[in-house]
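Asker: Task: produce atomic coordinates for the following.
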Amino acid sequence: MWRKAVTLEELSLMTDEQVMMKINEFLVPPNRAGAPARSEDLIGAQFYMAELDRRNARLIEQRRQKAEVERDRIETSRHHINLGIETLVVLLILAELVFAFVEGCEQTRILSGLQNSSAATASILANLQASSTPNGLDATKVPEMTITVKYDAAARALVVTNLGPVEISSWRISLETAAD
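Answerer: Modelled structure (predicted):
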């Protein structure tokens, strides 16, 4: 049994379902039900199966290419976002450096004023100390002090007395009993 030959244009216009029907016609010919398939029929079925495989491979390749294009688009977008973030970080670091420089200049100005003020205060204190030394004593030497502490039972008081060369006044604290 001879089958009508199919041109390449006809084959390319066939749907997948039509190709499967052709495969089935070769595997189970309508006029030879139950008879074993002939080699020509198997070769014809193999030809149409190869066509289905080629179509499926082309479809898979198209989907792969489309996915690759989409992946490349996403990667490019991600790279643009990363570049923007990195640029922002660099700008923030530069802004921080400018602020630190301005703040450093301000601190230098304040510390310079504080240094001048400290020098003036030290000069004033030196002049004040030189003018206020009592009884001609050297202000850099600490005089020896001797004090005695006694308890006066009759007066019920502690008496503190200075026995050293520096004049200090004596004082006393009176401890009174609470009235019953």
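Asker: how about residue 156, phi and psi?
Answerer: Torsion angles at residue 156 (phi, psi; degrees, to the nearest 10) stand at phi 50, psi 50.
Asker: so how many other residues sit close to it?
Answerer: Burial of residue 156, expressed as a neighbour count using other Cβ atoms under 10 Å, amounts to 12. Where C-beta positions appear, they are placed from N, C-alpha and C, glycine not excepted.
Asker: if I look at it, how far off is residue 14?
Answerer: Distance, residue 156 to residue 14, using Cβ to Cβ, to the nearest Å: 131 Å.
Asker: same question, residue 92
Answerer: As judged by Cβ to Cβ, residue 92 and residue 14 stand 63 Å apart.
Asker: Neighbour count: the two, which is higher?
Answerer: Neighbour totals were compared for residue 92 and residue 14, and residue 14 leads with 16 against 10 (other Cβ under 10 Å).
Asker: where do the strands sit along the chain?
Answerer: All strands of the chain, identified by DSSP state E, fall at 147-152, 157-162, 171-174.
Asker: same for the second one, what does it pack against?
Answerer: Applying 3 or more Cβ pairs under 8 Å, 6 or more residues apart in numbering; DSSP states H and E, one finds that strand 157-162 makes contact with strand 147-152, strand 171-174.
Asker: Please apply the same query to the first one.
Answerer: Where contact means 3+ Cβ pairs under 8 Å, 6+ apart, strand 147-152 is packed against strand 157-162.
Asker: so the strand it packs on versus strand 147-152, what angle?
Answerer: Interaxial angle of strand 157-162 relative to strand 147-152 (axes from the mean of the first three to the mean of the last three Cα atoms, to 10 degrees): 160 degrees.
Asker: can I see the domain layout of this structure?
Answerer: 1-132, 137-174 (automatic domain parsing).
Asker: mean confidence for the first one?
Answerer: If I follow you right, that is domain 1-132. In this model, domain 1-132 carries a mean pLDDT of 87.
Asker: One more: the last one?
Answerer: Domain 137-174 shows an average pLDDT of 69 in the prediction.
Asker: Can we start the residue count at 531 from this point?
Answerer: Renumbered: residue one is now 531, and that last one reads domain 667-704.
Asker: what pairs with residue 680 across the strands?
Answerer: Beta-bridge pairing of residue 680, defined through DSSP bridges, involves residue 689.
Asker: so how far is stretch 617-634 off the chain centroid?
Answerer: 17 Å (Cα atoms, centre = their mean, to the nearest Å).
Asker: Please put the alpha-carbon coordinates of that stretch into PDB.
Answerer: Once non-C-alpha atoms are left out, stretch 617-634 reads as follows in PDB (Å, rounded to 0.1, in the frame of the first residue of the first chain):
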ATOM      1  CA  THR A 617      27.300  55.000  44.500                       C
ATOM      2  CA  LEU A 618      25.000  56.100  47.300                       C
ATOM      3  CA  VAL A 619      27.300  54.600  49.900                       C
ATOM      4  CA  VAL A 620      30.300  56.400  48.400                       C
ATOM      5  CA  LEU A 621      28.400  59.700  48.500                       C
ATOM      6  CA  LEU A 622      27.500  59.100  52.100                       C
ATOM      7  CA  ILE A 623      31.100  58.300  53.000                       C
ATOM      8  CA  LEU A 624      32.200  61.500  51.300                       C
ATOM      9  CA  ALA A 625      29.500  63.500  53.100                       C
ATOM     10  CA  GLU A 626      30.700  62.000  56.400                       C
ATOM     11  CA  LEU A 627      34.300  63.000  55.600                       C
ATOM     12  CA  VAL A 628      33.200  66.600  54.900                       C
ATOM     13  CA  PHE A 629      31.200  66.800  58.100                       C
ATOM     14  CA  ALA A 630      34.100  65.300  60.100                       C
ATOM     15  CA  PHE A 631      36.500  67.900  58.600                       C
ATOM     16  CA  VAL A 632      34.100  70.800  59.400                       C
ATOM     17  CA  GLU A 633      33.600  69.400  62.900                       C
ATOM     18  CA  GLY A 634      37.400  69.000  63.400                       C
END
